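my questions are about this predicted structure, shown below with the sequence.
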Amino acid sequence: MLTCSIGLSALMGIWAILSGEFGDTQGKILFTTLTVVGTSVLGLACGAFLESPRAVNLKIVPLIGIALATLCGLTCFWLIWGNSGSGGEGIFKLSLISFICAFSLAQLSLLSLARLAQRFRWSLAAAYIVIFALDLIICPIIAFELSGDDGLVLRLIGVLSVVAASLTVMIPIFHWLSRTEYIAHDTISTVRIDAQIAELRAKIAHLEKQRDEMNVAGERYNAP
């Protein structure tokens, strides 16, 4: 279903670009295509983490991300095809805020897929703190049209953005560096599982032997 909708929107976008005239309708179709693709990408990023066994205690993150991505798509559709003069500014703010939050949660969902060694797990916690802090600063500014006269807020946003970008690059590297620890852990787990399987097979063989002996004894007892 999702693939069909993306494919259909892509075809509509191609038609809008290749048609003879690029008017208001073609522009709306093209922006609709971009909205569908963008919303789908955010939703799929959250869905990848939602389906992962690593999301046992963090399912709220991808679920809210999918909901906000859907909200962003619906508000964008309203801005593209609806009457933008009726509450258009409020809808635009809602669309922008929902996009920022959905993007942040999609980013955190993908970062949370990393398997990090104990010494690197601080980076994921730091990413959550920094990205949430950015959203808590940016969203009220958009909603209430706030501004920092001395530029302190903008500097803080800039610093947090650099830190968030750095963590986004570092976490995949930490994931790669953690591979040896998890390979060793998986190997130990496999050895333990093999030992348990061998122990169970020995017990089964012992029980089968007892059953056969009981059957033989029963046949001798019942023999005339």
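Ah, there it is. Numbering: from 1, shown residues only.

lowest-confidence helix or strand of the protein?
helix 2-18 (a mean of 58; mean pLDDT, DSSP states H and E).

report all helices and strands that the helix or strand following it contacts.
Next helix or strand after helix 2-18 toward the C-terminus (DSSP states H and E): helix 24-50. On a contact count with 3 or more CB pairs under 8 Å, 6 or more residues apart in numbering; DSSP states H and E, helix 24-50 meets helix 2-18, helix 60-81, helix 88-111. Glycine gets a C-beta too; all of them are placed from N, C-alpha and C.

average pLDDT for the second one?
When pLDDT is averaged over helix 60-81, the result is 94.

how about stretch 143-159?
81.

quick check: buried residues in it?
Ile157 (16 or more other CB atoms under 10 Å).

residues touching that stretch, excluding its own?
Lys93, Ile97, Leu134, Ile137, Ile138, Pro140, Ile141 (CB atoms under 8 Å, 6 or more residues apart in numbering).

mind checking which helix or strand the third one is in?
By that I understand Leu134. Leu134 belongs to helix 121-144 when assigned by DSSP H and E.

after that helix, which helix or strand is next?
Trace forward from helix 121-144 with DSSP H and E and the next one is helix 152-177.

tilt between that following helix and helix 121-144?
150 degrees (axes from the mean of the first three to the mean of the last three CA atoms, to 10 degrees).

tell me which of the helices and strands packed on helix 24-50 lies nearest to His206.
helix 60-81 (48.3 Å; CB to CB).

just the C-alpha atoms of that closest one, please, in PDB.
Extracted C-alpha coordinates of helix 60-81, given in PDB (Å, rounded to 0.1, in the frame of the first residue of the first chain):
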ATOM      1  CA  ILE A  60       7.200   5.400  22.400                       C
ATOM      2  CA  VAL A  61       9.900   7.100  20.300                       C
ATOM      3  CA  PRO A  62       9.100   5.600  16.900                       C
ATOM      4  CA  LEU A  63       5.300   5.600  17.600                       C
ATOM      5  CA  ILE A  64       5.300   9.300  18.300                       C
ATOM      6  CA  GLY A  65       7.600   9.800  15.300                       C
ATOM      7  CA  ILE A  66       5.200   8.100  13.000                       C
ATOM      8  CA  ALA A  67       2.200  10.100  14.400                       C
ATOM      9  CA  LEU A  68       4.100  13.400  13.900                       C
ATOM     10  CA  ALA A  69       5.200  12.400  10.400                       C
ATOM     11  CA  THR A  70       1.500  11.700   9.500                       C
ATOM     12  CA  LEU A  71       0.400  15.000  11.100                       C
ATOM     13  CA  CYS A  72       3.100  16.800   9.100                       C
ATOM     14  CA  GLY A  73       1.900  15.200   5.900                       C
ATOM     15  CA  LEU A  74      -1.700  16.100   6.500                       C
ATOM     16  CA  THR A  75      -1.000  19.700   7.400                       C
ATOM     17  CA  CYS A  76       1.200  20.000   4.300                       C
ATOM     18  CA  PHE A  77      -1.700  18.700   2.100                       C
ATOM     19  CA  TRP A  78      -3.900  21.300   3.700                       C
ATOM     20  CA  LEU A  79      -1.400  24.100   2.900                       C
ATOM     21  CA  ILE A  80      -1.000  22.800  -0.700                       C
ATOM     22  CA  TRP A  81      -4.600  22.100  -1.600                       C
END
